[in-house]
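Enquirer: Need the 3D shape of this:
(one chain, ligands or ions: 2)
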Amino acid sequence: MTLRALHDAARKTLDPVHYDYVAGGADEERVLSANESAFDRYLLLPRILCGSETRDTTVRLPGARRAAPVFVAPTAFHRLMHPDGERATARAAAAEGAVLVTGTAATTAVDAVVAAAREAAPDPAVWFQLYLHPRREVTEALVRRAEQAGCTALVVTVDSAVFGRHTRDLRNGFTDLPPGHAAENMRDLPGAPPGTLTDIPMSAAPTWRDFAELARMTALPVLVKGILHPADARLALGHGASGVIVSNHGGRQCDAVPAALDCLPAVVDAVAGRTPVLMDGGVRRGSDIAVALALGATAVGVGRPVMWGLAAEGEAGVRAVLATLRDEYDHTLALCGGRRNADLTKDMVVRRGETR
Ligand SMILES: Cc1cc2nc3c(=O)[nH]c(=O)nc-3n(C[C@H](O)[C@H](O)[C@H](O)COP(=O)(O)O)c2cc1C
Ligand SMILES: CCCCC(=O)C(=O)O
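Expert: Ligands and ions are numbered 1, 2, ... in the order given. Modelled structure (predicted):
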């Protein structure tokens, strides 16, 4: 099944309100469409007679050995997509060798997510995404929960000082999870009565000091997700980050920012090889991966395509999404004369209408 077919199948099976929750973006959804169309403006300029029958497409990432160059970006509420929810996503990602970023908004607790990943592969990489809570003890409890579950890295999302205005959700009145579903990682946190849930923090209060404090409270590598300005990428490194993720939250936060892909080159320059630079937003085909890697990304994340695969066919659907992207990417790499990811270089990307 192609990604397009999985999307169409997901749309048919899902409650339209849940479909809109995933498909939608903030405000006028300008950034949502910009993320995808940015890839149409870049084209590949292949090299010839320098390839190989077999190619190595694995990457080294913090807290992951020999991972695929495509990771599963953190997305909320997988059990709205399929009854197997995050467990299915975890098994699929582990089987395909892709990092799974699960997070505070998962509808399955992180220890169960890691356990499911281990059913599919002996050494899976599951990272945990969180927001900085204004109360340090809540952040620390989440960090310990992720460590004890066996997560191999943390991802701190920094683009959500306030929750984006999701136009479709506001129109549909989608404000709460249906009964029987909850953000399970937010249960039993400090300061809340046993068994109850703490709200997922979206707060403008945290600063780089709080980030540095988090990075110091754990031995796990910590990545920062939601970087667009190159100066913030430098600040992230200065405050203990082990990697940065260029992202505009899939067009769901500020609706007046550039496409994620367009922010990538300046961040890559700012980081200058000191840590991996990941990106997400609008990746829909193997050649998109090749363009992002040529522009300096170490790996790319996919959000919505994974949700469509999950909704359409559960674990098999997520596997199909990840396998398809990897196969398409490998095919593109071959056509570009590459043997490994690093063979894709900046000079091999041109703007539409321009050549070198
Ligand atoms: C339904 C949905 C839920 C999301 N939930 C989260 C979240 O809980 N935490 C987070 O950091 N990002 C979240 N994101 C953003 C994704 O991690 C990622 O940045 C984005 O989806 C990438 O764009 P793409 O969907 O075009 O691949 C969410 C995105 C979607 C579509
Ligand atoms: C409170 C859950 C956060 C989900 C999220 O980040 C999104 O829908 O974009």
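
Enquirer: Could you find the closest non-adjacent residue to the residue in the stretch 201-350 of the chain positioned nearest to ligand 2?
Expert: Per Cβ to the nearest ligand atom, R252 is where the stretch 201-350 of the chain lies closest to ligand 2, at 4.1 Å. Placement of C-beta: from N, CA and C, glycine included. Closest residue in space to R252, ignoring its immediate chain neighbours: G164 at 4.7 Å, by Cβ to Cβ, 6 or more residues apart in numbering.

Enquirer: measure that neighbour to C254 for me?
Expert: Applying Cβ to Cβ, to the nearest Å, the value for G164 to C254 is 7 Å.

Enquirer: what sits in contact with each of those two?
Expert: Contact criterion Cβ atoms under 8 Å, 6 or more residues apart in numbering; residues shared by G164 and C254: A26.

Enquirer: With neighbour numbers in mind, choose between the two.
Expert: Neighbour count, other Cβ atoms under 10 Å: between G164 and C254, G164 has more, with 22 against 17.

Enquirer: Could you pick out the residues of the chain near ligand 2 for me?
Expert: Proximity of the chain to ligand 2 is confined to A76, A105, I200, H249, R252 under the rule Cβ under 6 Å from any ligand atom.

Enquirer: Excluding chain neighbours, what is closest to the closest residue to ligand 1 within the stretch 151-300 of the chain?
Expert: Across the stretch 151-300 of the chain, the shortest distance to ligand 1 (Cβ to the nearest ligand atom) belongs to G250, at 2.9 Å. Leaving aside its sequence neighbours, G250 sits nearest to G303 (Cβ to Cβ, 6+ apart; 5.0 Å).

Enquirer: what's the answer for L43, then?
Expert: Per Cβ to Cβ, 6+ apart, closest to L43 is V350, 5.4 Å.

Enquirer: before we move on, which element is V156 in?
Expert: strand 153-157 (DSSP states H and E).

Enquirer: need the helices for the chain, in chain order.
Expert: 3-13, 16-23, 30-40, 85-95, 110-120, 136-149, 167-172, 208-216, 230-238, 260-271, 286-294, 304-335 (DSSP state H).

Enquirer: what does the stretch 1-150 of the chain have sitting close to ligand 1?
Expert: Contact residues (Cβ under 6 Å from any ligand atom) of the stretch 1-150 of the chain with ligand 1: Y21, V22, N35, A73, P74, T75, A76, G103, A105, Q129.

Enquirer: Compare the residues you listed and tell me which is most surrounded.
Expert: A73 (29 neighbours).

Enquirer: do you know how far that one is from ligand 2?
Expert: 10 Å (Cβ to the nearest ligand atom, to the nearest Å).

Enquirer: In contact with that residue, which residues?
Expert: Contacts of A73 by Cβ under 8 Å, 6+ apart are V101, S247, G250, D280, G301, V302, G303, V306.

Enquirer: if you set the cut-off to 7 Å instead, what comes out?
Expert: For A73, the contact set (Cβ atoms under 7 Å, 6 or more residues apart in numbering) comprises V101, D280, G301, V302, G303.

Enquirer: Kindly report the same for R165.
Expert: Shown in contact with R165 (Cβ under 7 Å, 6+ apart): A26, D27.

Enquirer: Just want the phi and psi numbers for it.
Expert: Main-chain torsions, R165, degrees, to the nearest 10: phi -90, psi 100.

Enquirer: Could you report the pLDDT at it?
Expert: Looking at R165, its pLDDT is 97.

Enquirer: What separation do you get for it and A68?
Expert: Here R165 is placed at a distance of 34 Å from A68 (Cβ to Cβ).

Enquirer: Then W308?
Expert: 18 Å.

Enquirer: The two - which one has more neighbours?
Expert: Comparing W308 with A68 by other Cβ under 10 Å, the one with more neighbours is W308, at 27 against 23.

Enquirer: right, and the more buried one touches H7 too?
Expert: Yes. In this structure W308 lies within contact range of H7 using Cβ atoms under 7 Å: 4.4 Å.

Enquirer: what's the closest of the contacts of A73 to R356?
Expert: D280 (28.2 Å; Cβ to Cβ).

Enquirer: residue contacts, that closest one?
Expert: Neighbours of D280 in contact, by Cβ under 7 Å, 6+ apart: A73, I245, S247, A260, V300, G301, V302, G303.

Enquirer: Can you name the residues bridging to the fifth one?
Expert: With DSSP bridges as the criterion, the beta-bridge partners of V300 are V70, M279.

Enquirer: What is the burial count for R209?
Expert: 9.
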